[in-house]
Each structure stands twice: as C-alpha cells, then as structure tokens.
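J.: sequence and predicted structure are below.
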Amino acid sequence: MAESEEGAPPGEGLVRELRSVAAACGGSIPLASFFLHKPELKKKLGDKKLKDYVEEHPEEFELVDVKRKDGESKAFGGQGLVLRLVAPAGAGDAAGAALDSTPVGRTALGVLEKVLVSEMKRVDSPTPHPRVSFMSFNYKVRKKLRSAYTLAPNPEVVNLFPTPGADASEEAARTRSLFSMYLLRFAESRPKVFRVTDGEKDPSCDTYHIAEGRCGCNTFLELVEEASEATQATADDTKRNEVLEQRLLALLRDVNPKKGVDLAWLGQDNKVRKVLHGRALLVVLRTLPTFVLEQRDDRWLVKVSPAHVEARRAAAADAAPAKRRKTEGEGYAHGGGVELEIIGEANGLVCLAKQPNVSTEALIHTLKKQRAARDAVPDGEEVISISRLDKETSGVVPVALSAASEAHMKQQYATHAVGKRYAALCAGFAPAAGRVESKLLLSDTPGNNRVRVHKNGKLSTTEYKAVGRYRRVASTPELRALMGALHLHRGVAKDLVAGILAFHLPPCGKADKFTLLSVTPLTGRTHQIRVHMMSQGHPLAADFKYGKEAAVKKQSKWCPRNFLHCEMVEGVDCEGKDFHFAAPLPADMRRVLSHQLVAMPDVPPAPVTPKAAPSSR
C-alpha cells in the first residue's frame, strides 16, 4: 500500500482521499464505479478490496444496499452497493467555516439567514419558540440550507439528498437528522441573530439525534432582534414622515396657502399612498407641525402652516445674495464644489477627468480659478474650452492653455484628426461591429437641444464594436451563487459555461438584453452617439432624452445615469508631438456592470448589416 499523507497517521491519508472522491460526487457513489473517478487508489489499496476496507471504517463510510423496483437485491458481487459518507462530529461547524471562507459561501449563508428569519416570523409554531426539528421541515428553509451547504468545498460535508434506490424510510430519517444538525450549527454560529435554548428531550423522538443529550426536538430557536423591533418601527415611521412631508410640500407648492387642498385629493397621489404604508393620512398629518388641518362641512382641508411659510421666505431672502454673485461671474451654482482631476498635460494642453453630473462649463471655470491663484502665471496663458461633454457624460476633456493651442486644436477637430473612443451600454444585443452614417439636425426651438436624423442636417459617422453582452436578470441568491461559482473555476470551457447559464437563467426578453460597446465617433456632432444608436434600434441605457420612456424608467432604477463615458482622446499638439489621454470607467458604471447585470459568454453574433438611419422631414 502506498504511503499515507505527510504528518497523518498510517491509513488516514487514504481515508481522506476516499472521502474527497465521494464528496466530489455529492456524498454518495456506486461502489462498482469508484475507481473510474480515481484509478490510482486501486494501487494504494493493494490486495485489499474496497468493500472490505470501507467496512473497516464504519465511522467514516457506510454501504447502502440499493434494491431493484421488484425488491430483489443487487448486492451480489458489490454491484448494487453505494458508498456513502457518514457525518462526523462537527460536520456542521466545518461546513460553516468552509462556506465563510469564500465570497459565494458567505452570500449563500446570508440568504439562508434571511429566509430563516422570515419563516420564523411567518409560520405558526406549536411552541412559543419553534423547535429546530420543526424549522427543518420548512420547505423554504430546507431548500436554502441544501443549496448553501452543497457549495462548501469540504470533504466533511455529506450528501443532503436521498440516495436513489435506498430504503425510503431509512433515507427520510437520515436526511431529517442531517438537516437538523446543519440548521442547529448554523443558528449557533450567528449568536447576534438567533438564540438557541435547550429543553427536555421527547422520549418518542429517535430520528433527530445531533449530539449527546441534544436533538432537534429539544432545541429551540429564538430571534434576538424581536426585542428591538418596536424601536426600529418608530425609526422607520420617522423616516417615512420626512419623505411624506417633502412630497406634500411639493404638491402644495403652487396652491394658495389660505385656501388649502382637499385631503381626499392628496390621498389619491401614488407616492403619498406608498409612503403612508397603510397608515391613515389624517392621523399622520396631525403629528406634523408643517401642516394645518381645517374641517369644512364634511371634508378636511390641508394647508401649509404660517410658520413654515415665513421660514421658507426667510431662507429664500438669505439665498438671494448668493444668486446675485453668480450673475457677476464669481461662481456657478452647479459647479461651486467641483474637484479637478488632471489626467495629464501636453504642450499648450491640459486634460481633465470630468465626473458625471458636472457641466463642462463649471469644470473650465474651476480650472481658471485654480490656475489664476498661482503665484506666477506664464505670459499668454489663457484657459479656453475646445471640447465639451454632456452633463451626465463622464470622461476625458482636453482644455487649451493658449490662443495658439486653441486654433491648432480647432483645426484638428475640423479635419477629424482628433481620435476619440467612448464606452456605451446600449439596449438589446447589438451586432459585433457596425458603422452608422446619417445627417443630424439640431432643433432650432429655444430651450430644446434635441437632435434628429434629417436630410438638411450635417453628415455624421460613427463606428462601434461590441465588447461584451449582458443580461438584466432578477437578482436571486441562487443565480448570484451560481455566477460566483463559475467565476471561481476559470478553467471551465466556455461552451460548458454557456450550457450552464442557458439551463439556469430564465427566458429573457429584448428589454433585458444589453451590449457594452466601444464607440468611435469620426465626426463630432451634438448627441451623435446617442442619436445614431437610437436610430439603429439600440438606444443607450437610461437615456431619458432619446430612449423609450417605459424602458428608461425601468433602467433608471439600476442605472443611475445615461451610460456613456469618454475613455480616450488622442491627437497632435501645437508642437507636432502626439498626445494620448485616457480615463477608466468611473465607479458607478463599474458597479452597474458587476452588480446589476450578468455577463454572458462570448457567443459570436450572427452577421448583421447595419441598417440605414431613418430620415425624417
């Protein structure tokens, strides 16, 4: 027989290897096919048969005689025997420690905790606090318990599924005992959430044995958080009242404070009803000093209190000087707190990283103030804007530092010599690559900067390439655990990953499909990328201006802004030297791709000829 593992007693290394093979097969494996999984174990056994060796270690393994449907045993020659792992002492603790050591395991245990807390509050237990055996019968708890502990990368974890073909009554008793053991160990590992108490053992119970003196019928579970629920409920009502107050003030903004509004009309507002959370609006308003209730005939009128009106007027008067300073050119109301992030500098140029929801004008104004505050300002230096991004768009913004540099860069922009690359997330599965050419016309209506495809517009060209495909799937714990497990095994073939995903993911409609694009605009028109992708039937995610209203409302719940980012700008400076500035995806976009969407396998899309952009007259 081969030598045992280093530092282990003789024979213990072989037992460990046998358990690892059985654990990899789910905790049980037919005896006849054991050596197909690891042939080298046959040499380590030597002349001894596997059946005899297993019978010498009853504390580690057990043999189950699987019978045919007609009841005749198939145990002759070992052909009908199944090797199954025996749960050692502390198996639940070992499995929990193994799960806590991996991100997937921690996620699965967190889901199990939420389900167990929810079911303990929902179900009606025959005892004041439910027994472990009672909760182990719960279908939802059992399902999450099984899915969590089958992820544990530990050979001590035994199979929680019944062995096919074995005696049904024996298998039921075995699985019930295992479920009770794992549930008890899990509850004891979370003392801040669950309190485990021992009671008297039921004399008639012999199937839930866990340890000496303990079983599923004499251990009880209690939630620790129940004592603080009243305090939490009060805090939640305070937050809801603050939101309700802001919503009611918005509804009463244009109403004469002396007349008021009918209470019934306010109660019909969807946001008001949602914030009330089942409470009566009249009762809540009596606790808010911001409002005054007046009963007239058979109805109630709601008015804003005079004290709140005076306070609002005083606040507006205090803010008036700040508004006048803005008109004098001393600052922008939307850019006063702008932080500059300089990517790099070239001859006559400085490149900034623009954050989302900051206007380019505010960024330029802040840069002017910063450079003017220096002790020595070079002669002829002047901060001049040569390119701009929309307020919601982030990325690279080059700025000229002299009139000569401005003229040189504008000449490059006019001849399309400046290279730019954007990252964009569009709706639907876009082709692998495409090119869009159409004429874009900016609306001449005052206050409306919407762009459309029109025959009288300027010729514009955009090229794009698909970088990755994503799906928006309802965030279920099982799906997150599956994706985490697949990411851990980087050696898995792509076609196998695609098969696993196709089996587990639910059917997907067009509204849940997205493509990450690398876009290169060859011209620089206003809203060019957004309009071109919209004309191809793939508007950008969360684009309120050019996307479909119903789809954008759903997308805005998980995508905080229009998904467009300028990754790179390159060209030649005024001294003939090449420059290359780049900015990585900001945190909010990375969070959308990693937490809100599921990356799909690299399946090459069918060749599609980009359709021509429709023209309007």
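T.: Received the coordinates, thanks.
J.: you'd agree Lys271 is up against Arg247?
T.: Yes: using CB atoms under 8 Å, Lys271 is in contact with Arg247, at 5.3 Å. For glycine as for every other residue, the C-beta is placed from the backbone atoms N, C-alpha and C.
J.: looking at it, Ala466 is touching Cys426, isn't it?
T.: No: Ala466 is beyond contact range of Cys426, at 9.3 Å (criterion: CB under 8 Å).
J.: the two: who's more crowded?
T.: Cys426 (28 against 19; other CB atoms under 10 Å).
J.: got a pLDDT number for the more buried one?
T.: We have a pLDDT of 95 for Cys426.
J.: repeat that for the one 5 residues further on.
T.: On the pLDDT scale, Pro431 is placed at 92.
J.: and the gap between it and Lys143?
T.: Counting by CB to CB, to the nearest Å, the gap from Pro431 to Lys143 is 41 Å.
J.: between the two, which one's more packed in?
T.: Shown here are Pro431 and Lys143; by other CB under 10 Å, Pro431 has more neighbours (17 against 13).
J.: tell me the secondary structure for that one?
T.: Secondary structure, DSSP: H, G, I helix; E, B strand; the rest coil: Pro431 is coil.
J.: beta partners for Tyr470?
T.: In this structure, Tyr470 bridges to Phe514, Ala599 when assessed by DSSP bridges.
J.: hmm, I was thinking of Val304
T.: Phe291.
J.: going forward, count from 894.
T.: Let's use 894 as the start, then, which means that last one is Val1197.
J.: surely it meets Leu1145?
T.: Yes: between Val1197 and Leu1145 there is a contact at 5.6 Å, judged by CB under 8 Å.
J.: of those two, who's got more company?
T.: Set side by side, Val1197 and Leu1145 show more neighbours around Val1197, with 21 against 18, by other CB under 10 Å.
J.: shared neighbours of Ala1359 and Cys1319, anything?
T.: Taking CB atoms under 8 Å, 6 or more residues apart in numbering as the criterion, Ala1359 and Cys1319 both touch Thr1408, Leu1410.
J.: doesn't Thr1183 make contact with Leu1142?
T.: Yes: contact criterion CB under 8 Å: Leu1142 and Thr1183 qualify, at 7.2 Å.
J.: so for the two, which residues contact both of them?
T.: In contact with both Leu1142 and Thr1183: Val1197, using CB under 8 Å, 6+ apart.
J.: name the element Leu1186 belongs to?
T.: Assigned by DSSP states H and E, Leu1186 falls within strand 1184-1189.
J.: packing partners for that strand?
T.: Judged by 3 or more CB pairs under 8 Å, 6 or more residues apart in numbering; DSSP states H and E, strand 1184-1189 is in contact with helix 1174-1178, strand 1192-1197.
J.: on that earlier part again, neighbour count for Leu1142 and Thr1183, which is higher?
T.: A direct count of neighbours by other CB under 10 Å for Leu1142 and Thr1183 places Thr1183 higher, at 17 against 14.
J.: do you know how far the closest residue to that one other than its chain neighbours is from Lys1332?
T.: Nearest residue to Thr1183 in three dimensions, chain neighbours excluded: His1201, at 5.0 Å (CB to CB, 6 or more residues apart in numbering). Remark: distance between His1201 and Lys1332 (CB to CB) = 54 Å.
J.: start and end of stretch 1163-1175, how far apart?
T.: 16 Å (CA to CA, to the nearest Å).
J.: give me the contacts around that stretch.
T.: Here stretch 1163-1175 makes contact (CB under 8 Å, 6+ apart) with 1130, 1133, 1136-1137, 1140-1141, 1144, 1156, 1159-1160, 1177, 1186, 1193.
J.: just the buried residues of the residues you listed.
T.: Buried members of these, scored by 16 or more other CB atoms under 10 Å, are Arg1133, Leu1137, Arg1140, Leu1141, Leu1156, Leu1159, Val1177, Trp1193.
J.: I'd like the average pLDDT over stretch 1415-1427.
T.: Stretch 1415-1427 comes out at a mean pLDDT of 93.
J.: test my guess that Lys1441 contacts Pro1432.
T.: Yes: between Lys1441 and Pro1432 there is a contact under CB under 8 Å: 7.1 Å.
J.: and the two? Which one has more around it.
T.: Pro1432 (23 against 14).
J.: for the residue lying closest to the more buried one once chain neighbours are set aside, give me its contacts.
T.: Leaving aside its sequence neighbours, Pro1432 sits nearest to Gly1440 (CB to CB, 6+ apart; 4.2 Å). Gly1440 makes contact with Ala1320, Met1427, Pro1432, Leu1433, Ala1434, Gln1448, according to CB under 8 Å, 6+ apart.
J.: pull up the gap between Gly1440 and Arg1328, please.
T.: In terms of CB to CB, Gly1440 sits 22 Å off from Arg1328.
J.: all helices of the stretch 1394-1510 of the chain, in order?
T.: 1421-1428, 1442-1448, 1480-1484 (DSSP state H, counting those that start in this stretch).
J.: among those, which is nearest Leu1114?
T.: Closest to Leu1114 of the helices of the stretch 1394-1510 of the chain is helix 1480-1484 (CB to CB; 35.9 Å).
J.: what mean pLDDT does that closest one get?
T.: Rounded mean pLDDT across helix 1480-1484 is 90.
J.: so what pLDDT did Pro1048 get?
T.: The predicted local confidence for Pro1048 is 40.
J.: same question for Ala1395.
T.: 54.
J.: hang on, the earlier thing: wasn't the residue nearest to Thr1183 part of a helix?
T.: Yes: counting by three-state DSSP, His1201 is found in a helix.
J.: what helix or strand is Lys1007 on?
T.: Assigned by DSSP H and E, Lys1007 falls in helix 996-1015.
J.: go through that helix and flag the buried ones.
T.: 997-998, 1000-1002, 1004-1006, 1008-1010, 1012-1013.
J.: spatially, which two of the residues you listed are the most separated?
T.: Val997 and Met1013 (24.9 Å).
J.: quick one: neighbours of Arg1365, just the number.
T.: 20.
J.: contacting residues around the spatially closest residue to it that is not a sequence neighbour?
T.: Nearest residue to Arg1365, sequence neighbours excluded (CB to CB, 6+ apart): Asp1405, at 4.3 Å. Shown in contact with Asp1405 (CB under 8 Å, 6+ apart): Arg1364, Arg1365, Val1366.
J.: export those to TSV and append columns for distance to Ile1257 and pLDDT.
T.: Listed next are the contacts of Asp1405 as TSV, based on distance: CB to CB, whole Å; pLDDT from 0 to 100:
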residue	distance to Ile1257	pLDDT
Arg1364	40	85
Arg1365	37	83
Val1366	42	71
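J.: just the helices of the stretch 1394-1510 of the chain: most buried one?
T.: Stretch with highest mean neighbour count among the helices of the stretch 1394-1510 of the chain: helix 1421-1428 (a mean of 25; mean count of other CB atoms under 10 Å).
J.: that one - contacts with which helices or strands?
T.: Against helix 1421-1428 (3+ CB pairs under 8 Å, 6+ apart) you get strand 1312-1320, strand 1326-1335, strand 1344-1346, strand 1351-1364, strand 1406-1414.
J.: give me the neighbour count for Val1276.
T.: For Val1276, the neighbour count with other CB under 10 Å is 19.
J.: now do it against Gly1237, distance only.
T.: Taking CB to CB, one finds Val1276 at 16 Å from Gly1237.
J.: let me see the ranges of the strands in the stretch 1044-1193 of the chain.
T.: Ranges of strands within the stretch 1044-1193 of the chain are 1087-1091, 1102-1104, 1107-1108, 1112-1116, 1154-1155, 1184-1189, 1192-1197, based on DSSP state E, counting those that start in this stretch.
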